[in-house]
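Engineer: the sequence and its predicted three-dimensional model are supplied below.
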Amino acid sequence: MVKTPQEATIPIELQDQVIENLCQDVKSLAACSLVSSHWSDIARKLLFPNFVAFIDVRSNEIAQTSKLLQLLAAPHSRLGLYIQHVQIWGPDHYLGIEATQTIHTEEYEYLSEVLQTILPRLPRVRDLLLSSLSWDRISRETRAQLSSLSKVISLEWHRIFCGHLNDLVQFSNQSFPRLETLRMQDLRVKNNTQIERPNLVQPSSWFACLRTLALFVDESTVPFLDGILSGIIPVENLYSLDLEVLDKANLALAGALIRTTAPTISVIRLNIGPVRQDFYENPFPISLSQNINLRVLYFAPWLVSQDIWWLEKIITSASSVRGLEEIHLRFVASGTPNSFGFDFSSLEGLLLAQSAPSTKIVMECWEDERRQGPSLSETLISSMSELSKRGQLSMVLFDRYEASKKDFGFLGS
């Protein structure tokens with residue numbers, strides 16, 4: 001007979017450690033979950049670490065939301081204890097900001113009822129996404145219910161319609177004091193007034209735990225960026241910066257943010273939209289020369305031959321960063337020979353000029369396996385022979401049709 005944790009001679013802390021060491025063994029975790037209530041709690045946390053609860057009030061998804069509500073409200077249900085990721089989707093995904101004020105009244109009433117029923121049953125939520133919502137139409141009671149998710153450490157505002165961005169920023173800071181990751185993307189803001197810190201809030205407690213910031217840089221997030229640049233929002237603890245810039249007019253603002261956060265940032269992910277070579281601003285608005293603690297640099301867009309000129313400027317600006325460990329680049333190959341059209345030899349020259357002698361170059365490539373001509377690995381080894389010889393070049397290959405992924409490791413090593 002298996003002893004319960006209270007009867008066992010092994011300390012509970014050691015029992016927990018043993019169970020945690022089984023995190024990759026689903027069958028063993030399932031067996032452990034049947035031993036006792038304590039073991040069940042630990043094992044099920046490990047069994048369902050990525051379980052996501054979708055709360056969606058769009059007409060074609062209401063049935064699924066109702067089913068989730070039934071499962072959570074069932075007698076003796078413990079499902080809510082193991083849900084750490086929640087996504088809340090409202091009805092306003094395809095509307096302009098004016099239209100959101102006049103329609104979907106019934107959906108918002110239903111959303112309020114659902115959230116006030118579901119959220120109290122989710123005490124361990126750590127990751128929260130809010131999308132396709134008109135914030136001004138979220139009731140005070142529902143906002144209070146959202147604020148009760150005090151353990152949230154990652155928050156994403158996606159396609160939110162609001163009167164003032166300041167409302168979202170202050171709600172984020174006041175409701176989630178442990179917030180480590182904040183994402184803002186595709187917002188619709190009616191009045192771009194500046195961000196203000198509440199008078200009773202000490203500067204040291206304003207986003208005190210924030211480590212990762214991900215922003216879609218456009219006119220809707222300009223007040224937030226201005227708040228950072230003016231010191232209203234502190235950035236001393238930021239570790240990772242993820243910026244998407246699709247309009248060249250916003251490159252200067254993104255560059256200013258990178259310079260402001262340079263002393264502490266270790267990871268930068270850049271998704272720069274099409275910027276033609278006739279963009280004559282000199283120097284180029286984005287420079288990494290001050291990012292002395294930079295360790296990992298991601299270029300998120302799928303690069304084409306026309307991107308080599310701005311890629312050269314950014315990589316060259318980071319040439320003096322001695323601690324740079326990884327640079328990630330992404331490419332697409334179609335079904336014709338030499339479809340890359342990219343000057344990999346010139347790119348290799350840029351990468352070899354880095355002060356960090358052992359920077360790993362990770363090439364993420366989409367390729368049609370029916371494509372004729374040399375394989376990607378052959379093309380990279382021949383075009384970037386020196387990096388291949390040094391064992392610094394790695395390739396991750398995705399098949400565009402089969403959606404498969406192959407990691408070739410470091411080429412030439």
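Structural biologist: Everything's here; your move.
Engineer: and Gly273, what does it touch?
Structural biologist: Counting by CB atoms under 8 Å, 6 or more residues apart in numbering, Gly273 makes contact with 244-248, 301. (Glycine included, C-beta is placed from N, CA and C.)
Engineer: can you map out the strands along the stretch 201-350 of the chain?
Structural biologist: Assigned by DSSP state E, counting those that start in this stretch, the stretch 201-350 of the chain shows strands spanning 212-216, 240-245, 267-272, 296-299, 326-333.
Engineer: to Ser394, which of those strands lies closest?
Structural biologist: Counting by CB to CB, Ser394 lies closest to strand 326-333 out of the strands of the stretch 201-350 of the chain; the figure is 9.0 Å.
Engineer: what helix or strand is Lys45 on?
Structural biologist: helix 37-47 (DSSP states H and E).
Engineer: quick revisit: could the strands of the stretch 201-350 of the chain be laid out in JSON lines, adding mean pLDDT, distance to Arg137 and mean neighbour count?
Structural biologist: Listed next are the strands of the stretch 201-350 of the chain as JSON lines, based on pLDDT from 0 to 100; distance: least, CB to CB, whole Å; neighbours: other CB atoms under 10 Å:
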{"stretch": "strand 212-216", "mean pLDDT": "96", "distance to Arg137": "22", "mean neighbour count": "20"}
{"stretch": "strand 240-245", "mean pLDDT": "95", "distance to Arg137": "27", "mean neighbour count": "22"}
{"stretch": "strand 267-272", "mean pLDDT": "95", "distance to Arg137": "31", "mean neighbour count": "20"}
{"stretch": "strand 296-299", "mean pLDDT": "96", "distance to Arg137": "36", "mean neighbour count": "19"}
{"stretch": "strand 326-333", "mean pLDDT": "86", "distance to Arg137": "39", "mean neighbour count": "19"}
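Engineer: dump these to CSV, plus distance to His38.
Structural biologist: Shown next, in CSV, are those (distance: least, CB to CB, whole Å):
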stretch, distance to His38
strand 212-216, 33
strand 240-245, 35
strand 267-272, 37
strand 296-299, 39
strand 326-333, 41
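Engineer: for Pro223, find the nearest of those strands.
Structural biologist: Closest among the strands of the stretch 201-350 of the chain, once you apply CB to CB, is strand 212-216, at 11.6 Å.
Engineer: okay, now the sheet partners of the closest one, with direction.
Structural biologist: Strand 212-216 pairs in its sheet with strand 181-185 (parallel), strand 240-245 (parallel), by DSSP bridges.
Engineer: any idea how far that strand is from the middle of the chain?
Structural biologist: For strand 212-216, the distance from its own C-alpha centre to the chain's C-alpha centre is 8 Å (CA atoms, centre = their mean, to the nearest Å).
Engineer: contacts for the longest helix along the chain, please.
Structural biologist: Using DSSP state H, we find that the single longest helix of the chain is helix 105-118. Residues outside helix 105-118 that contact it (CB under 8 Å, 6+ apart): 53, 55, 57-59, 62, 65, 68-69, 72-73, 88, 90-91, 134, 137-139, 141-142, 145-146.
Engineer: shaky segments in the protein?
Structural biologist: Applying pLDDT under 70 to the chain flags residues 1-8, 59-60, 94-103, 197-204, 276-281, 333-341, 367-376, 399-413.
Engineer: in it, which spans are helices?
Structural biologist: Using DSSP H, the helices of the chain run over 12-20, 26-32, 37-47, 62-73, 105-118, 140-147, 165-175, 222-229, 251-260, 308-317, 344-352, 376-383, 385-389.
Engineer: mind putting the ones you listed in a markdown table, distance to Ser289 and mean neighbour count included?
Structural biologist: Listed next are the helices of the chain as a markdown table, based on distance: least, CB to CB, whole Å; neighbours: other CB atoms under 10 Å:
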| stretch | distance to Ser289 | mean neighbour count |
| --- | --- | --- |
| helix 12-20 | 43 | 13 |
| helix 26-32 | 48 | 14 |
| helix 37-47 | 44 | 18 |
| helix 62-73 | 50 | 14 |
| helix 105-118 | 47 | 16 |
| helix 140-147 | 41 | 14 |
| helix 165-175 | 30 | 19 |
| helix 222-229 | 18 | 19 |
| helix 251-260 | 9 | 19 |
| helix 308-317 | 5 | 18 |
| helix 344-352 | 15 | 16 |
| helix 376-383 | 27 | 18 |
| helix 385-389 | 23 | 17 |
